[in-house]
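1. Pasting a predicted model and its sequence here:
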Amino acid sequence: MEQTFIIVNDQVRANAITAVALLPLDKWEVSIKRKGKTPAQRRYWHKCMDMMCEGTGYSLLELKTIIKRQVLGVKSFTTRRGELIEYDYSSEDLTVVEYTKLIEHTLTLADMAKIALPNPRDYGFQV
């Protein structure tokens, strides 16, 4: 048996808590994770990125880096030697809302560059 609860209201939360409370000990593993982006969002953003690469001449890695840094910023840490290391956020870990911001920024950049992108509804996604 496998169950997934997407916590959208107090009743669903209560149902999830009850389901966990009724499980026998030592026989189950329970995982809790943030709701991630949708497959439709991912498909649409990657299609936009491909078209933006064609229109701008940037590689996919270059364009993804530019857009993710403009929207998400960068992460950083300091090594034991005191060296600051910066790296990009992964778009794989974004929520629906965060990924929507990434898409909306991409649409704005495409509009500024006069690059026509497909309708998001064609990819099952609503902006």
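-> On my side now, so go ahead.
2. In stretch 38-53, which residues are buried?
-> Under the neighbour-count criterion of 16 or more other CB atoms under 10 Å, stretch 38-53 has Q41, R42, Y44, W45, C48, M49, M51, M52, C53 buried. From N, CA and C alone the C-beta is placed, and that goes for glycine too.
3. Please render the residues you listed as TSV that adds pLDDT and distance to T108 to the earlier fields.
-> Formatted as TSV, the buried residues of stretch 38-53 follow (pLDDT from 0 to 100; distance: CB to CB, whole Å):
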residue	pLDDT	distance to T108
Q41	90	16
R42	89	19
Y44	92	15
W45	94	13
C48	95	11
M49	95	14
M51	95	14
M52	96	11
C53	96	17
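4. Those residues in helices, which ones?
-> Q41, R42, Y44, W45, C48, M49, M51, M52, C53 (DSSP state H).
5. pretty sure the first one is touching E98, no?
-> No - Q41 is beyond contact range of E98, at 10.0 Å (criterion: CB atoms under 8 Å).
6. so where's this protein shaky on pLDDT?
-> 125-127 (pLDDT under 70).
7. give the contact list for the most centrally placed residue in it.
-> Centroid-nearest residue in the chain: L94, 3.0 Å away (criterion: CA atoms, centre = their mean). By CB atoms under 8 Å, 6 or more residues apart in numbering, the contact list for L94 reads G36, K37, L102.
8. domain parsing for this structure?
-> 1-32, 39-123 (automatic domain parsing).
9. Just name the most buried of the ones you listed.
-> Counting by mean count of other CB atoms under 10 Å, domain 39-123 has the highest mean neighbour count of these, with a mean of 14.
10. can you give me how far that one is from the chain middle?
-> Chain-centre distance of domain 39-123: 10 Å, with CA atoms, centre = their mean, to the nearest Å.
11. Offset the numbering so it begins at 20, please.
-> Taking 20 as the first residue, the last one we looked at is domain 58-142.
12. Straight-line length of it, end to end?
-> Using CA to CA, to the nearest Å, one end of domain 58-142 lies 9 Å from the other.
13. Stretch 111-119 too?
-> With CA to CA, one end of stretch 111-119 sits 13 Å from the other.
14. got the residue ranges for the strands in this structure?
-> All strands of the chain, identified by DSSP state E, fall at 93-97, 103-107.
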